[in-house]
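Q: pasting a predicted model and its sequence here:
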Amino acid sequence: RMETDCNPMELPNNTGFEEDSDYRDFEGTDVKDMRLEAEAVVNDVLFAVSNMFVSKTLPCAEDVAYINVETRERNRYCLELTEAGLRVVAYDFDQTDDRLQTPYHETVYSLLDSLSPAYREVFGNAILQRLEALKKESQS
């Protein structure tokens, strides 16, 4: 068995929606813990919404987690996170409505982009600021 050094700083910083089986947990199994995925999703975009957190009321499992999000427009949603992606399952925190047939989004970015113009603006500005910083770095 070949040993390799792995620097965690070299790993890509993403929200983990890849179907890549190289992303395995420490036991070497292929099961993803959706609570960890949900925490990563929240940490990625929290700066661009009013409030966002993993639900402590709705059950998290290996294959599903729920995220509450309040947009800057003050609209509340409960999101379901599964291997299929993210989708709105209710229009309030810690709720699910089986009658809702909302589409899955591959990323939290596309989901929030469809729900919140203010998110789109804040996220876009953050990208522009980062690009400006990179431009200044390359000029010095």
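A: Arrived safely, thanks for sending. Residues are numbered from 1 along each chain as shown.

Q: quick test: name the residue nearest the centre of this structure.
A: Nearest to the mean C-alpha position of the chain, counting by Cα atoms, centre = their mean, stands Val41 at 2.3 Å.

Q: contacting residues for that residue?
A: Val41 makes contact with 15, 67, 81, 86, 108, according to Cβ atoms under 8 Å, 6 or more residues apart in numbering. Heads up, the C-betas are built off the backbone N, CA and C, glycines and all.

Q: helix, strand, or coil at it?
A: Assigned with DSSP: H, G, I helix; E, B strand; the rest coil, Val41 falls in the helix class.

Q: longest helix in this structure, please.
A: Longest helix in the chain by number of residues (criterion: DSSP state H): helix 117-139.

Q: look up phi and psi at Ser114.
A: Main-chain dihedrals, Ser114, degrees, to the nearest 10: phi -80, psi -20.

Q: against Ser138, how distant is the closest residue to it other than its chain neighbours?
A: Using Cβ to Cβ, 6 or more residues apart in numbering and skipping residues adjacent in sequence, the residue nearest Ser114 is His105, 7.1 Å away. As judged by Cβ to Cβ, to the nearest Å, His105 and Ser138 stand 33 Å apart.

Q: more neighbours, these two?
A: Between His105 and Ser138, counted using other Cβ atoms under 10 Å, His105 has the larger neighbour count: 20 against 7.
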